[in-house]
Structures are given as structure tokens and as C-alpha cells.
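**Student:** below are the sequence and a predicted model for it; my questions follow.
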Amino acid sequence: MTPVIRLLLFANIAVFALQEFTGDWLLIHFALWPLGSHFIPGAGRVGFEPWQLITSAFLHGGLAHIALNMYARIGLAPVCAAVLRLRAHG
């Protein structure tokens with residue numbers, strides 16, 4: 001496992017743990033919302049913000065969701081690295 005993949009795994013796990021403690025607060029502020037302003041009962045107005053393009057990748061809907069995403073990330077990382085390496089040198 002490369003250092004970058006390891007760092008992404010730890011970052012995802014850390015954000016998931018934080019998400020479990022903060023409830024919907026992280027989702028309200030960092031999930032990817034559609035353009036425009038939307039009213040969410042109990043949360044107020046939400047809408048698209050540029051940082052959500054990055055932060056939404058670290059939010060997960062539950063233990064199964066993060067487990068399957070991390071499994072896929074570990075499994076596909078070598079394939080993606082090989083393809084990118086071929087394109088960089090080809």
C-alpha cells in the first residue's frame with residue numbers, strides 16, 4: 001500500500017469517526033449540495049459551496065459504506081497507479 005493510499009484511508013476513518021460524534025453537522029456543512037438555496041428542517045438553509053467538491057468525498061453514510069469504499073480503494077489503487085504510470089511514460 002502506498003503512502004498516499006494509507007493517508008487517504010486514515011483521513012477517511014478519522015472523518016468518519018468525527019461524523020459519528022457530530023451527527024448531521026458535518027453533512028449539513030460539507031456534503032455536496034445542489035446549486036441554489038435549500039431549506040432543511042432543523043438545519044436551516046444549505047446550498048452548494050466550492051469546498052464541497054473535496055469534502056464530500058470524505059463523508060460516508062454508515063459503516064458498510066466506508067468499509068466498501070476503503071476495500072475498493074485498496075483494491076483499485078494498484079490498477080489506477082499502473083494506468084497512470086503508463087500514460088505518463090507512453
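**Tutor:** Yep, it's here.
**Student:** touching, residue 56 and residue 34? I think so.
**Tutor:** No - assessed by C-beta atoms under 8 Å, residue 56 is found out of contact with residue 34, at 11.9 Å. No exception for glycine: its C-beta is placed from N, CA and C like everyone else's.
**Student:** those two: who's more crowded?
**Tutor:** With other C-beta atoms under 10 Å as the criterion, residue 56 and residue 34 differ in neighbour count, and residue 56 comes out ahead with 13 against 9.
**Student:** does the nearest residue to the more buried one once chain neighbours are set aside count as helix, strand or coil?
**Tutor:** Closest residue to residue 56 apart from its sequence neighbours, by C-beta to C-beta, 6 or more residues apart in numbering: residue 32 at 3.8 Å. For residue 32, the secondary-structure state derived from DSSP: H, G, I helix; E, B strand; the rest coil is coil.
**Student:** quick one, phi/psi of residue 32?
**Tutor:** Reported as degrees, to the nearest 10, the phi and psi values for residue 32 are phi -80, psi 110.
**Student:** mind listing the strands for the protein?
**Tutor:** Counting by DSSP state E, the chain has strands at residues 37-40, 44-47.
**Student:** mean confidence score for stretch 42-58?
**Tutor:** Across stretch 42-58, the average pLDDT comes to 88.
**Student:** which outside residues touch that stretch?
**Tutor:** With contacts defined as C-beta atoms under 8 Å, 6 or more residues apart in numbering, stretch 42-58 is touched by 11-12, 15-16, 24, 28, 30-40.
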